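Student: got a structure for you, letters missing:
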């Protein structure tokens, strides 16, 4: 494509620059506030650097400061323990991802590589589940979890998502469909059963999409708020997103503990940012529509 | 790709690690003894004194012990509701007038009438009217009072001295909905613009106010406990026809709408900040501590918070005399209630009875955090507050004079709030007129009659 | 989603070997094996998708407080909904939100995608604009809640520096919903832009070259060629983002909780309030069912559009 007039390009570069600033500034602001002294914040709202740099906010949020220290800095003095919530998020996200990816892969294989009567109709049914908005299944799922006695347990948070999501099955099926049949047939001639083909051939060959799906599932599970809010109120199963909401409303008379809140959001966001930095290329490249035939 | 098998192993390993943690971290319902009860409260400032109470309780009743858990206000109620739903609620928990009626309606709190008569609990030891507040809509008693609170004005004494306003003036204010009485005059004098001109001086700049004479935290919703309740009451207004159990509310009554109209006019005159400013991320006590407000009305449970404002020397002033010739204040009180699903009824009752006794309330009084419900424990509380520099007489006077009114409890309190809070917010942000409260009142009464 | 494929090496058949029959050993095909492979997913599907859908429909005809058994009450919940001003307000607020959110987001996404397409395919730039999507909704909401605060937020500081009066983004009932929509645009615009960007890359170069030969200007090319060719991608983007947009909850829950003056009481939040703070589960289920119906209609309409508009390239 021929180069445009330079005025147009300059404008485009300026716009792109503005976009990058708008995208990145809130992250910086999170950092700057988290390292500020909470009591000094209202006095210096425009200061671009941390106000009276201190680690006080992090100490409060990680449960490392005493009630007096916390209240002196404007915190609520309530017991917070973000290590615990971090651990809970890890448990929930990890187990959900492992189970969901694995079971969805099995189902995708059944839909893509096996032949059986009614296969496509059943797949259409699974796909139709994509259309049901979560709110509609959330309320009855809550009742189910309550009746099973699993409220405030990891099992209760994880179960509904642990078996499959329509998207995961769809995603992997698309990929499995593209795998060359001849390899499979060759393996079958060699006497391999479907189980061996699945574990020994399909899975190893699908490393890339499975990894991508796992990362996306992990991110979604980590950032989930509504379901863990309903089912996981107790401290020992409370995840980071829910803990943030609670922390925010600790002082309902108006102003939250801003520095502490920003420190808490930083802790909540950090694992995802690290994950992103490690897998940036893969994640970014996976965004797009293809294979929707 | 060989790394896929490594990845699979890693995943399997993580899953293996996670399984024991899943198993171990089931509910917090670990095995506990028959005599051990779980008790919840929301105010972290009250934690030390109740821990002390639990110790004394255990000494007196070695077969029982109490495990105390504290959660912030919002968290407290949502966990409680989840606890009801999942049958894992605490045995005893602090109740609030706005919440317990709904719980009673749904059968989640235990009536204690039988226990009270069985153990001959003396209800006359409490401040007048407190014990009856915990008799529900159905006539059953649900708790023994443990503390009480009223409202006064917290003011910045440096500002009043600079304005030449004496303590006598502050404690003998009058009010009426037409011109605000001497109260409004004082508020006007205390309002200072950025050039140092006071509200009653020529050239006062409404658009550049540095110190507002009167501060507030929100529009008050349906109760206005710390914002407008005493004005309306001293104007002769009542929330509803029953006190406290009403089936009809009177938010459309002219006595109420003219009170709110007056209160809002203070914003127009720039003696009070705009609603947007009041509701922004800096709350009313922080703003007061930063010298933005001269006077803020608040409840006695906030004494500790105001005491912690180091840059301001705060003093207390009586509420003003209203058109009915009295100083009125809302009197509310907390009580400990028992979960209806508890499996440890005797232990729970013993703890509630203890907390309602003078022994426990003397401990509470000495901590100087709240006012104990038992009248005989009050002198110790007064002394404890005096040690922190507070003369709490202004809080006591309406109680002793009997010029108090109850918090408007109702089993449908949440629905009433859902209608009144937006209605009041709309009025205070000038999106609606005080007359619109009549329509809101109709909605409220409709809800009440639909649910009765 | 783009699947990255590595073409596996094909195995040459040795002489004399026949191609294996296409795996059909019995007339049922691989049914038995399939059932094993499908077992966990089917279990999850039935227990956590089918059963709740049916039960949700049932609960919508009951009065249920979660503390005792559900009591059948016929159409009472639906009648109540007709007269519930909070419900209708919630629908209006939600639609307002969706229109602003999706409208602004899509326009911005196309703009960003075009800018990137012209300037750079750099993975770093793409990763940076994707970054907000990685972080949880509640995190984004809280950071912006702090930045947009009326008294101490940096945005209002910037505005007063420019001489503009501070805006109560969350406190003013006219600003609240646009603000919530804006926050979610910030979070999603990078992701949506990348979707459009991927779509842009499927447009072959010869189309642009032909347009240039015909003497078309930048702007005309965009409107007459690029946009129509992007239509299938755009419709997919709309389908994907609109359903999600209707279910806005997280941001409202941690910032305004439905206020001020019900300006942000979106339908999802109202349902949550009714179910979990007022013990009004049956009514909440009825509202969820109605929401489901509305979303189904919206999706059907959109899918109609999708099927009708194949790529104009063909």
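Tutor: Yep, it's here. None of the values given here were measured: they were computed from a predicted structure. Numbering: from 1, shown residues only, chains lettered A, B, ... in the order given.
Student: from here on, contacts and neighbour counts on C-alpha atoms
Tutor: Will do.
Student: number of nearby residues for residue 152?
Tutor: Assuming you mean chain A. 29 (other C-alpha atoms under 10 Å in any protein chain shown).
Student: wrong one, chain B
Tutor: For residue B:152, using other C-alpha under 10 Å, the count is 22.
Student: Quick check: pLDDT value at it.
Tutor: With respect to pLDDT, residue B:152 scores 95.
Student: Name the helix or strand for it, please.
Tutor: strand B:151-156 (DSSP states H and E).
Student: same for that strand, what does it pack against?
Tutor: The helices and strands touching strand B:151-156, judged by 3 or more C-alpha pairs under 8 Å, 6 or more residues apart in numbering or on different chains; DSSP states H and E, are strand B:293-299, strand B:314-317, strand B:329-331, helix B:393-401.
Student: hmm, 10 Å instead?
Tutor: Strand B:151-156 is packed against strand B:209-214, helix B:229-234, helix B:284-289, strand B:293-299, strand B:314-317, strand B:329-331, helix B:393-401, with contacts defined by 3 or more C-alpha pairs under 10 Å, 6 or more residues apart in numbering or on different chains; DSSP states H and E.
Student: report the angle between the axes of the longest one and strand B:151-156?
Tutor: Just to be clear, that refers to helix B:393-401. 160 degrees (axes from the mean of the first three to the mean of the last three C-alpha atoms, to 10 degrees).
Student: so for helix B:393-401, what's the average pLDDT?
Tutor: For helix B:393-401, the per-residue pLDDT averages 93.
Student: mind checking the SS state of residue B:93?
Tutor: Secondary structure assignment for residue B:93 (DSSP: H, G, I helix; E, B strand; the rest coil): strand.
Student: how far away is the closest residue to it other than its chain neighbours from residue B:378?
Tutor: Leaving aside its chain neighbours, residue B:93 sits nearest to residue B:40 (4.6 Å; criterion: C-alpha to C-alpha, 6 or more residues apart in numbering or on different chains). Using C-alpha to C-alpha, to the nearest Å, residue B:40 is found at 24 Å from residue B:378.
Student: and after the helix or strand of chain B with the lowest mean pLDDT, which helix or strand comes next?
Tutor: Using mean pLDDT, DSSP states H and E, the weakest-scoring helix or strand in chain B turns out to be helix B:2-24, at a mean of 46. Next helix or strand after helix B:2-24 toward the C-terminus (DSSP H and E): strand B:36-41.
Student: Just checking: what are the partner strands of that following strand?
Tutor: strand B:65-70 (parallel), strand B:92-95 (parallel) (DSSP bridges).
Student: residues of that strand that come out buried?
Tutor: B:36, B:37, B:38, B:39, B:40, B:41 (16 or more other C-alpha atoms under 10 Å in any protein chain shown).
Student: quick one: stretch A:154-166 near chain C?
Tutor: Yes. Counting by C-alpha under 10 Å from any C-alpha of the partner chain, chain C is contacted by stretch A:154-166 at A:159, A:160, A:161, A:162, A:163, A:164, A:165, A:166.
Student: The stretch 1-150 of chain A: helices as residue ranges?
Tutor: For the stretch 1-150 of chain A, the helices defined by DSSP state H, counting those that start in this stretch occupy A:6-34, A:56-61, A:67-72, A:82-112, A:119-128, A:134-147.
Student: residues from the stretch 201-314 of chain C in reach of chain A?
Tutor: Within the stretch 201-314 of chain C, the positions near chain A by C-alpha under 10 Å from any C-alpha are C:202, C:205-206, C:208-209, C:212, C:218, C:233, C:236-237, C:243-244, C:246-247, C:249-250, C:253-255, C:268, C:271-272, C:275-276, C:281-282, C:284-293, C:295-296, C:299-300.
Student: Any of the residues you listed buried? List them.
Tutor: For those, buried by 16+ other C-alpha under 10 Å: C:208, C:233, C:236-237, C:243, C:246-247, C:249-250, C:253-255, C:268, C:271-272, C:275-276, C:281-282, C:284-292, C:295-296, C:299.
Student: count of neighbours near residue B:60?
Tutor: 11.
Student: no, scratch that, I was asking about residue C:109
Tutor: 23.
Student: With residue A:92 as the reference, measure out to the residue in the stretch 51-200 of chain A positioned nearest to chain B.
Tutor: At 4.9 Å from chain B, residue A:153 is the closest residue in the stretch 51-200 of chain A, using C-alpha to the nearest C-alpha. Noted for residue A:153: a distance of 10 Å to residue A:92, by C-alpha to C-alpha.
Student: Please apply the same query to residue B:319.
Tutor: In terms of C-alpha to C-alpha, residue B:319 sits 54 Å off from residue A:92.
Student: OK, contacts around residue 280?
Tutor: With no chain named, the answer covers chain A. A:273, A:274, A:286, C:123, C:124, C:126, C:127, C:128, C:130, C:131 (C-alpha atoms under 10 Å, 6 or more residues apart in numbering or on different chains).
Student: That was the other one, I meant chain C.
Tutor: C:62, C:63, C:64, C:65, C:66, C:271, C:272, C:273, C:274 are the contacts of residue C:280 under C-alpha under 10 Å, 6+ apart.
Student: Mark which of these are buried, thanks.
Tutor: C:62, C:63, C:64, C:65, C:66, C:271, C:272, C:273, C:274.
Student: Would you mind confirming that residue A:170 makes contact with residue A:107?
Tutor: Yes. Taking contacts as C-alpha atoms under 10 Å, residue A:170 lies within contact range of residue A:107: 9.5 Å.
Student: Based on its surroundings, how many neighbours for the residue of chain B found nearest chain C?
Tutor: Going by C-alpha to the nearest C-alpha, chain C is nearest to residue B:422 of chain B, at 4.1 Å. Using other C-alpha under 10 Å, residue B:422 has 21 other residues around it.
Student: quick one: stretch B:64-75 to chain centroid distance?
Tutor: 18 Å (C-alpha atoms, centre = their mean, to the nearest Å).
Student: To clarify, my last question referred to stretch C:172-187.
Tutor: 16 Å.
Student: Go through it and flag the buried ones.
Tutor: Neighbour-count burial for stretch C:172-187 [16+ other C-alpha under 10 Å]: C:172-173, C:175-187.
Student: follow-up on the earlier one: could the contacts of residue C:280 go into CSV alongside secondary structure and pLDDT?
Tutor: Output for these, formatted as CSV (DSSP: H, G, I helix; E, B strand; the rest coil; pLDDT from 0 to 100):
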residue, secondary structure, pLDDT
C:62, strand, 93
C:63, strand, 91
C:64, coil, 91
C:65, coil, 87
C:66, coil, 85
C:271, helix, 93
C:272, helix, 92
C:273, helix, 91
C:274, helix, 91
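Student: just those residues now: which is nearest chain A?
Tutor: Closest to chain A, out of all of the contacts of residue C:280 and judged by C-alpha to the nearest C-alpha, is residue C:66, at 7.8 Å.
Student: Leaving aside the residues adjacent along the chain, what's closest to that closest one?
Tutor: Nearest non-adjacent residue to residue C:66, counting by C-alpha to C-alpha, 6+ apart: residue B:85, 6.0 Å away.
Student: looking at the chain, which helix or strand does the model trust least?
Tutor: No chain specified, so I'll use chain A. helix A:67-72 (a mean of 68).
Student: let's do chain C instead
Tutor: helix C:218-221 (a mean of 78).
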